[in-house]
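[1] Sequence and predicted model, in that order:
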Amino acid sequence: MAVRALDARAPRDEGVVTGRLRALGLALISRRFRAVLSVGMVLGIGVVGTLALWSSTVTTNSGTFTTATISILADNSKSATIAFAPNGLLPGKSAAKVITVSNAGTTALQYSAAVASSDALGQGMTLTVVPNATATNGVCSAGTALTTGAAITASPVTFVTGRGPLAAATGAENLCVQVTLPIGAPATVAGTSGTITLTFTGTAGA
């Protein structure tokens, strides 16, 4: 009887043990699953932290820009009128005058020069320009001429380019300008008056 009682309880004990083992296994599985989820949450927080980096911005302002000025003058004027003497030119004779080309701007410059005339007498004359020369008796003194006996036409003809540089504010150069009435000048210009126009153009920079 006692033995049968033990035999009868043995299956129940095995069932209890089996149930406990299953419960323990589920508990272990549940803990592992929660651990994995916890790791996933930590990784998720880490990813969010990476996308939300702190930042800092700074701005700077440039200083004031100031441009240079270009100002070229002839005899200290933007529109000089030059009187040639003597009057009453005859064929083969000339008149000469020294003109000062100067820089009144704030940067060094180079210059070009052109000549033109709007009337028959002016167009019937020729032009000679000698830098740093003097004018005596209607003729420029010896020197290396920028142009010699150049024809004068209605359209401006450039006779020098890239001259200089003339220093800012103080740079200057004297040019002796000589106009000559050729020996073969036509009689139609006799007793007439005329003018020539010299245009000086200053440039600076690239």
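    Structure received. Numbers count the residues shown, from 1 in each chain.

[2] ok, residue 82 touching residue 95?
    No: judged on Cβ atoms under 8 Å, residue 82 makes no contact with residue 95 at a distance of 10.0 Å. Using the backbone N, CA and C atoms, a C-beta is placed for each residue, glycine as well.

[3] what about the strands in this structure?
    Listed from the start of the chain, the chain has strands (DSSP state E) covering 72-74, 94-103, 109-116, 126-131, 135-136, 139-140, 147-151, 157-166, 172-180, 197-203.

[4] Using TSV, please lay out the ones you listed together with distance to residue 62 and mean neighbour count.
    TSV is the format used below for the strands of the chain (distance: least, Cβ to Cβ, whole Å; neighbours: other Cβ atoms under 10 Å):
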stretch	distance to residue 62	mean neighbour count
strand 72-74	31	19
strand 94-103	29	20
strand 109-116	27	20
strand 126-131	42	21
strand 135-136	51	16
strand 139-140	51	20
strand 147-151	46	14
strand 157-166	29	16
strand 172-180	36	20
strand 197-203	27	16
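
[5] Columns mean pLDDT on top of those strands, output as CSV?
    Formatted as CSV, the entries for those read as follows, by pLDDT from 0 to 100:
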stretch, mean pLDDT
strand 72-74, 93
strand 94-103, 94
strand 109-116, 95
strand 126-131, 97
strand 135-136, 94
strand 139-140, 96
strand 147-151, 96
strand 157-166, 95
strand 172-180, 96
strand 197-203, 93
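
[6] Redo those as a markdown table? Include distance to residue 58.
    As requested, the strands of the chain are arranged in a markdown table below (distance: least, Cβ to Cβ, whole Å):
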| stretch | distance to residue 58 |
| --- | --- |
| strand 72-74 | 45 |
| strand 94-103 | 43 |
| strand 109-116 | 41 |
| strand 126-131 | 56 |
| strand 135-136 | 65 |
| strand 139-140 | 65 |
| strand 147-151 | 60 |
| strand 157-166 | 42 |
| strand 172-180 | 49 |
| strand 197-203 | 41 |
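
[7] so which of the ones you listed gets nearest residue 88?
    strand 94-103 (10.2 Å; Cβ to Cβ).

[8] what's the angle from the closest one to strand 126-131?
    Orientation check (axes from the mean of the first three to the mean of the last three Cα atoms, to 10 degrees): strand 94-103 against strand 126-131 gives 50 degrees.
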